[in-house]
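A.B. asks: output the structure for:
(2 chains)
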Amino acid sequence: MLRGRGAHFIRMFINFKRTLTFAINDFSRNKGISIAAIFVLTITILLVTCLFFFQGMANYLTSQIQDKIDITAYFKDVAQEQEILDVKEEILKMSPNIKKIDYVSKDEAFASFSEKYGDNPTLSKALREVGNNPFPASLNITTNGDPLQYAVVSNILQTSNFSGLIDKVDFSQKKDTIEKVYSITSNINIFGLLLGIILIVVAILVVFNTIKLVIENSKEEIGTMRIVGASDWFIRGPFVIQGVIYGVIAFLICILISAVSAYFLSPKVGIILSGFNMFSYFLTNLWIFVLIQLGFGIGVGVISALIVVKRHLEI
Amino acid sequence: MIKFNNVTKIYHDSKGNPNVVLHNISLEIKEGEFVSIVGKSGVGKTTLVRLILGLEIPTSGEVYFKDIKLSDADPLKFQEIRRRIGCIHQDYKLLPKKTVYENVAYILQVEGKENEEIEREVPKVLEVIGLKNKIDSFPNELSGGEKQRLAIARAFVNHPDIIIADEPTGNLDPYNTYEVISLLQKMNKAGKTIILATHDRETINKLGKRVITIENGEILRDEIEGRFII
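C.D. replies: This is a model prediction of the structure:
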């Protein structure tokens, strides 16, 4: 039994080695076709990579816009700092979709106002006439941008047991702006997703047809292999491995182009999208880039080969 | 070894009109026989060969290879059967991206033979066939005669039970035709069953072996020491 199984594995190994040799030979003996297939695969992987970069930029842009939107809870003068910080903790516990809560004390509010409008003599004079610090302490709350979340937070602030400390929440004034911003950012994401899906489908079709043309060239050969009794895997194996070779080479080219492009385009993109570092984004998401490029390259190459060869084997 | 029981094969054109290529064919070919199947071009000789190889399914009737009913055989069985049949075609059906050596070696590789055996057998066969000096050439670098000899080398390198030659001399000059037929005769003398499908009258008449004549999709004659008479 063990001998039989051992012999089976040895035969499998020999067949794999032969399949690999066939694939490498076919690859090197069909340089023109191989280069064309790699070229098409490289272009499509680069297209998918661009989409990933665009998605990163769109996410950054929407998050930047969303970060500009917040609601503020203004506290009565009687509220102590510790009480306000307790409220902050309570809100964080009760609403999981909160991105950040910044506490602004009365003094910080005054300092901020003075810094902004210190040069304005009318406002400075008004402040002096008031005598003491008229600005309330507040909590600036930013959620994931969803107007519903802001409504929930506003509701919590106004109905919970600490509502007595709160003077007012400016949700109703900002509601329209929040809804508009949310609608714009959501549309950007939906548009990006749709565009991405369309381009990926086009890319897959282009690669599939290229691989189909490559294998079509070997249609007669596949027929001959069948006549001499080659097993389906013995026929299909070299084409599948060639698909892997195309994918790996295209991936290596793409990752190099992506790295170089991200490095040199980063300053220019930073001008348009302030604060966005394309090269850092590339390095931070390197594994995802590798997975996308390698997965797409090998995946599409292999699946196309399997489908096309299967079709010829059925004839 | 091979048996056809009332085999009919009908093709349909793009408009669905039927074209009866073989009609109610029954024949038996025994082990060690040299059988020529003759008839005009397009009479169904190649269809007959394709039916034996399992590349076509009969519209009705049964084809048997060594008592295996081909219509009941699964893909694995077909692979096994095809490995036991050496095939020589008029258009050679060589593997264009493989060298002469690799074309012959491929047959043994398909069977999972060890490298040592392949390295021993292939040069021997190429020597016999007279292609040892072309070992690293590709099929497109060979003449018609050389291509056919390569196809023959490939057909018998794994010592199959039967060799089917479908118009093997169709593209060859008289000298190469003589060489190919001589090789087939030698193989038959060595005990191999040979099926030769051809419309080459002169070749058949010199052989003096069994001849099955097909006309209009039916067996017109089946003679032990037949001649090409149509």
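
A.B. asks: the residue nearest in space to the middle of chain B in helix, strand or coil?
C.D. replies: Geometric centre of chain B, nearest residue: B:Ile164, 2.1 Å, by CA atoms, centre = their mean. In three-state terms, and counting by DSSP: H, G, I helix; E, B strand; the rest coil, B:Ile164 is strand.

A.B. asks: how about it, nearest residue that isn't a chain neighbour?
C.D. replies: Using CB to CB, 6 or more residues apart in numbering or on different chains and skipping the chain neighbours, the partner closest in space to B:Ile164 is B:Ile195 (4.6 Å). C-beta coordinates here come from the backbone N, C-alpha and C atoms, glycine included.

A.B. asks: give the contact list for the one you found.
C.D. replies: Contacts for B:Ile195 (CB atoms under 8 Å, 6 or more residues apart in numbering or on different chains) come out as B:2, B:29, B:35-37, B:49, B:52, B:162-165.

A.B. asks: follow-up on the earlier one: and the residue nearest to the centre of chain B, how far from chain A?
C.D. replies: Applying CB to the nearest CB, to the nearest Å, the value for B:Ile164 to chain A is 10 Å.

A.B. asks: was I right to think that residue contacts B:Ala197?
C.D. replies: Yes: using CB atoms under 8 Å, B:Ile164 makes contact with B:Ala197 at a distance of 7.4 Å.

A.B. asks: any idea which helix or strand carries the residue nearest to B:Ile164?
C.D. replies: If you go by DSSP states H and E, B:Ile195 is part of strand B:193-198.

A.B. asks: quick one: mean pLDDT over that strand.
C.D. replies: Strand B:193-198 shows a mean pLDDT of 92.

A.B. asks: same check on stretch A:150-158?
C.D. replies: 82.

A.B. asks: now swap in stretch B:84-103 and tell me
C.D. replies: On average, stretch B:84-103 scores 92.

A.B. asks: for chain A, longest helix please?
C.D. replies: What stands out as the longest helix in chain A, according to DSSP state H, is helix A:171-216.

A.B. asks: now for whichever helix or strand comes after it, which elements pack on it?
C.D. replies: Next along the chain after helix A:171-216, taking DSSP H and E as the criterion, comes helix A:219-227. Contacting helix A:219-227 under the criterion 3 or more CB pairs under 8 Å, 6 or more residues apart in numbering or on different chains; DSSP states H and E are the following elements: helix A:232-272, helix A:286-314.

A.B. asks: mind listing what the residue nearest to A:Leu41 when sequence neighbours are not counted touches?
C.D. replies: Residue nearest to A:Leu41 in three dimensions, not counting chain neighbours: A:Ala250, with 3.9 Å by CB to CB, 6+ apart. Going by CB under 8 Å, 6+ apart, A:Ala250 touches A:38, A:41-42, A:45, A:293, A:297, A:301.

A.B. asks: farthest-separated two in these?
C.D. replies: Using CB to CB, the contacts of A:Ala250 span at most 13.2 Å, a distance reached by A:Ile38 and A:Gln293.

A.B. asks: where does chain B have low pLDDT?
C.D. replies: Confidence mapping of chain B against pLDDT under 70 gives the ranges B:226-230.

A.B. asks: again, only using 50
C.D. replies: In the predicted model of chain B, no residue satisfies pLDDT under 50.

A.B. asks: got the residues of it near chain A?
C.D. replies: B:53, B:55, B:75-76, B:78-85, B:87, B:93-98, B:102, B:106-107, B:109-112, B:114-115, B:154 (CB under 8 Å from any CB of the partner chain).

A.B. asks: now, these that are in strands?
C.D. replies: Counting by DSSP state E, the part of the residues of chain B next to chain A found in strands is B:85, B:87.

A.B. asks: contacts only, for the spatially closest residue to A:Ile257 that is not a sequence neighbour.
C.D. replies: In space, and not counting its chain neighbours, A:Ile257 is closest to A:Leu46: 6.4 Å by CB to CB, 6+ apart. By CB under 8 Å, 6+ apart, A:Leu46 lies in contact with A:254, A:257-258.

A.B. asks: out of these, which is most surrounded?
C.D. replies: Neighbour counts for these (other CB atoms under 10 Å in any protein chain shown) peak at A:Cys254, which has 26 neighbours.

A.B. asks: tell me the contacts of it?
C.D. replies: Counting by CB under 8 Å, 6+ apart, A:Cys254 touches A:42, A:45-46, A:49, A:293, A:297.

A.B. asks: go again with 10 Å.
C.D. replies: A:41-49, A:289-290, A:292-294, A:296-297 (CB atoms under 10 Å, 6 or more residues apart in numbering or on different chains).

A.B. asks: of the residues you listed, just the buried ones, ChimeraX syntax please.
C.D. replies: To isolate the buried ones among those in ChimeraX, judged by 16 or more other CB atoms under 10 Å in any protein chain shown, type:
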select /A:41,42,44,45,46,47,48,49,289,292,293,294,296,297
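
A.B. asks: what is the most widely separated pair among the contacts of A:Cys254?
C.D. replies: Largest separation among these by CB to CB: A:Ile43 and A:Val290, giving 18.5 Å.

A.B. asks: on that earlier part again, which ones are touching the residue nearest to the centre of chain B?
C.D. replies: Contacts of B:Ile164 by CB under 10 Å, 6+ apart are B:2, B:35, B:37, B:48-50, B:52-53, B:85-89, B:155, B:193-197.

A.B. asks: closest to A:Ser124 out of the contacts of A:Ala250?
C.D. replies: A:Gln293 (58.9 Å).

A.B. asks: please report how far that closest one lies from A:Gly192.
C.D. replies: 19 Å (CB to CB, to the nearest Å).

A.B. asks: A:Leu313 now?
C.D. replies: Counting by CB to CB, the gap from A:Leu313 to A:Gly192 is 40 Å.

A.B. asks: now A:Leu20. Nearest residue, chain neighbours left out?
C.D. replies: A:Ile241 (6.0 Å).

A.B. asks: how close does the one you found get to A:Val248?
C.D. replies: 10 Å.

A.B. asks: try A:Phe162
C.D. replies: With CB to CB as the criterion, A:Phe162 and A:Val248 are 60 Å apart.

A.B. asks: host element of B:Ser63?
C.D. replies: Just to correct that, residue B:63 is Val rather than Ser. Counting by DSSP H and E, the element that carries B:Val63 is strand B:60-65.

A.B. asks: how about the contacts made by A:Phe239?
C.D. replies: A:19, A:22-23, A:26, A:211, A:214-215, A:218, A:222, A:301-302, A:304-306, A:308-309, A:312 are the contacts of A:Phe239 under CB under 10 Å, 6+ apart.

A.B. asks: where among the helices and strands packed on helix A:219-227 is average confidence lowest?
C.D. replies: The bottom spot among the helices and strands packed on helix A:219-227, by mean pLDDT, belongs to helix A:286-314, with a mean of 87.

A.B. asks: and that one, anywhere near chain B?
C.D. replies: Yes: counting by CB under 10 Å from any CB of the partner chain, chain B has neighbours in helix A:286-314: A:Leu313.

A.B. asks: so A:Phe208 touches A:Arg311, yeah?
C.D. replies: No: taking contacts as CB atoms under 10 Å, A:Phe208 lies outside contact range of A:Arg311: 11.6 Å.

A.B. asks: more crowded one of these two?
C.D. replies: Per other CB under 10 Å, whichever of A:Phe208 and A:Arg311 has more neighbours is A:Phe208, with 17 against 14.

A.B. asks: so what's the more buried one scoring on pLDDT?
C.D. replies: Looking at A:Phe208, the pLDDT reads 84.

A.B. asks: just checking, which of the residues of chain B next to chain A belong to helices?
C.D. replies: B:75-76, B:78-83, B:102, B:106-107, B:109-110, B:115, B:154.
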